[in-house]
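[1] need a structure here:
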Amino acid sequence: MTSLLFVMPPSETKRSGGEPESTLDFDALSFPTLGRVRRSVAATVVRLSRDADEAARLLKISPALAVTEVARNRTLKISPTMPALERYTGVAFDPIDAPSLAVEARDWAREHVAVHSALFGLVRAADPIPAYRLSHDTRLPEKSLKSLWAGPVARALASSGQTVIDLRSEGYSELGPAPLGSAYVRVVSDEGGRRRALNHFNKKTKGTLIARLLAARPDLATVEDFVGWARGEGMVVEPHGGELVVVAESVLRS
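    Numbers count the residues shown, from 1 in each chain. Alright, predicted model coming up:
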């Protein structure tokens with residue numbers, strides 16, 4: 001039986017620390033076909049971080065952030081790890097509050113939630129990763145991230161055996177297009193019948209949607225199942241071709 005995979009974008013902010021004595025193990029990550037590209041990108045990031053000024057320029061970060069962020073990249077292969085869903089913080093991940101999730105919610109997330117990382121490609125919610133700094137639009141000296149990731153990630157999604165509900169930004173979707181049959185989530189605001197695209201509340205809506213899924217842990221096999229569940233929860237979700245238009249207010253209200 002098929003199931004759904006909700007693919008989230010990452011966040012620039014990461015929680016520090018991790019499991020004592022743990023370090024990055026590429027073989028412990030899901031989607032093993034991405035291993036070669038993961039190792040290549042990680043090696044490039046570590047090498048670039050040896051020059052703090054150049055790394056800060058490539059990462060487009062301020063001097064105030066450079067010391068911490070560049071150090072994270074320089075030591076990413078020996079830094080402690082934690083589950084990906086706990087590592088990421090910020091607007092999209094705060095509603096999930098991953099460290100406080102019950103065991104049942106963690107189990108559901110392990111199967112149905114993935115994050116698209118510019119450094120690691122696709123990782124599932126429980127995959128152990130270190131803190132790092134790399135964005136989809138970072139320009140590496142030799143090859144673009146799009147040229148490195150687009151094909152491998154697209155193939156990994158297509159061979160996952162799960163139907164993708166794509167919560168990524170367009171920038172991350174370009175680093176690995178979802179296969180046919182997937183649904184791209186577009187969040188809008190409805191102000192008296194007038195629809196408009198969102199930025200800040202786009203991320204919060206997606207994070208809240210994942211939090212509500214983790215609380216309910218529904219058995220969903222198809223996009224239609226997801227739409228039916230969401231509507232049963234009072235959310236406004238409208239299929240349009242290969243997209244699902246989600247009204248933010250209907251997800252955010254308690």
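
[2] C-alpha from now on. contacts and neighbour counts both.
    Noted.

[3] Make sure P152 is actually in contact with L34.
    Yes: between P152 and L34 a contact is recorded at 6.3 Å, counting by Cα atoms under 8 Å.

[4] show me what contacts P179?
    By Cα atoms under 8 Å, 6 or more residues apart in numbering, the contact set of P179 is A154, L157, A158, V164.

[5] So which of those is the closest to L48?
    Nearest to L48 among the contacts of P179 is A154, at 26.8 Å by Cα to Cα.

[6] In what element of secondary structure is the closest one found?
    helix 145-158 (DSSP states H and E).

[7] what residues does that helix touch?
    Contacting residues not belonging to helix 145-158 are listed as 31, 33-34, 37, 118, 121-122, 136-139, 164, 174-179 [Cα under 8 Å, 6+ apart].

[8] As a check, name the ranges of all strands in the stretch 101-250 of the chain.
    Taking DSSP state E, counting those that start in this stretch to define them, one finds strands in the stretch 101-250 of the chain at 113-117, 121-124, 128-129, 162-166, 183-191, 194-197, 237-240, 243-247.

[9] among those strands, which is nearest G18?
    strand 128-129 (8.7 Å).

[10] Any stretches of the stretch 1-150 of the chain with poor pLDDT?
    1 (pLDDT under 70).

[11] for A84, what are its contacts?
    Neighbours of A84 in contact, by Cα under 8 Å, 6+ apart: V115, V123, R124, A125, A126, D127, P128, I129.

[12] My reading is that L5 lies in a strand. Confirm?
    Yes: judged by DSSP: H, G, I helix; E, B strand; the rest coil, L5 forms part of a strand.

[13] do you know how far it is from A158?
    Going from L5 to A158 by Cα to Cα, to the nearest Å gives 11 Å.

[14] So these two - more neighbours on which side?
    It is L5, of L5 and A158, that has more neighbours when counted by other Cα atoms under 10 Å, with 24 against 18.

[15] How much space separates the most centrally placed residue in the chain from L34?
    The chain has V115 as the residue nearest its centroid, 2.6 Å off, counting by Cα atoms, centre = their mean. V115 is 14 Å from L34, where distance means Cα to Cα.

[16] Ok, R212 next?
    Using Cα to Cα, R212 is found at 30 Å from L34.

[17] I'd say V188 and A197 touch.
    Yes: proximity of V188 to A197 meets the contact threshold set by Cα under 8 Å, at 4.6 Å.
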